[in-house]
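> Starting from these lines, generate the structure:
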Amino acid sequence: MEILFFLTKQRKSSIVELAKNYSVCRKTAYNDIMFLSRYAPIYTKGGVNGGVFLMDDYRNSMFLYLSCDEEALLYRIMATLPLSEKNIVANIINKYSQPKTAT
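All right, here's what the predicted structure looks like:
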């Protein structure tokens, strides 16, 4: 599910990046993608511009995002915390903030 959260935000990744992010070998990351592709519109593409992709129109209603005010508050709180706790809050923001669209 963490991979699905990640792809929902990033829309594109690579097996190598996923393996590194989740501290698993490439084979495990690949197997996870193959499993998730049964339930979500995930696909892979080889080559220079290849990678692991999530279809652009995919939105899963189970994802509840932070509001802009909630995210702003977390950033203000994060500025007052020691580094170890800043990292925890940053992970929360990354996990639950609304996907940023290119402008």
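> and stretch 54-72, average pLDDT?
Averaging pLDDT along stretch 54-72 gives 74.
> So what would you say the end-to-end distance of it is?
End-to-end span of stretch 54-72 (C-alpha to C-alpha, to the nearest Å): 27 Å.
> Leu18 reaches Asn31, doesn't it?
No - contact criterion C-beta atoms under 8 Å: Leu18 and Asn31 do not qualify, at 11.0 Å. All C-beta atoms are positioned from the backbone trio N, CA, C, and that covers glycine.
> so Ala90 sits in a helix?
Yes - according to DSSP: H, G, I helix; E, B strand; the rest coil, Ala90 belongs to a helix.
> how much space is there between it and Thr8?
Here the criterion is C-beta to C-beta, to the nearest Å. By it, Ala90 lies 18 Å from Thr8.
> for the chain, what spans make up the strands?
With strands called from DSSP state E, the chain shows them at 12-13, 42-45, 51-54.
> Packed most tightly, which of the ones you listed would that be?
strand 51-54 (a mean of 21; mean count of other C-beta atoms under 10 Å).
> how far is that one from where the chain is centred?
12 Å (C-alpha atoms, centre = their mean, to the nearest Å).
> What is that strand packed up against?
Strand 51-54 sits against helix 2-10, strand 12-13, strand 42-45, with contacts defined as 3 or more C-beta pairs under 8 Å, 6 or more residues apart in numbering; DSSP states H and E.
> To Asp56, which of those lies closest?
Checking the helices and strands packed on strand 51-54 against Asp56 by C-beta to C-beta gives strand 12-13 as the closest, at 10.3 Å.
> Show me the contact partners of that closest one.
Contact with strand 12-13 is made by Phe6, Leu7, Gly51, Val52, Phe53, Leu54, as judged by C-beta atoms under 8 Å, 6 or more residues apart in numbering.
> quick one on the thing from earlier: between Ala90 and Thr8, which one's more packed in?
Neighbours per residue (other C-beta atoms under 10 Å) separate Ala90 from Thr8, with Thr8 holding more: 17 against 14.
> The more buried one reaches Leu54, doesn't it?
Yes - here Thr8 lies in contact with Leu54, judged by C-beta under 8 Å, at a distance of 6.4 Å.
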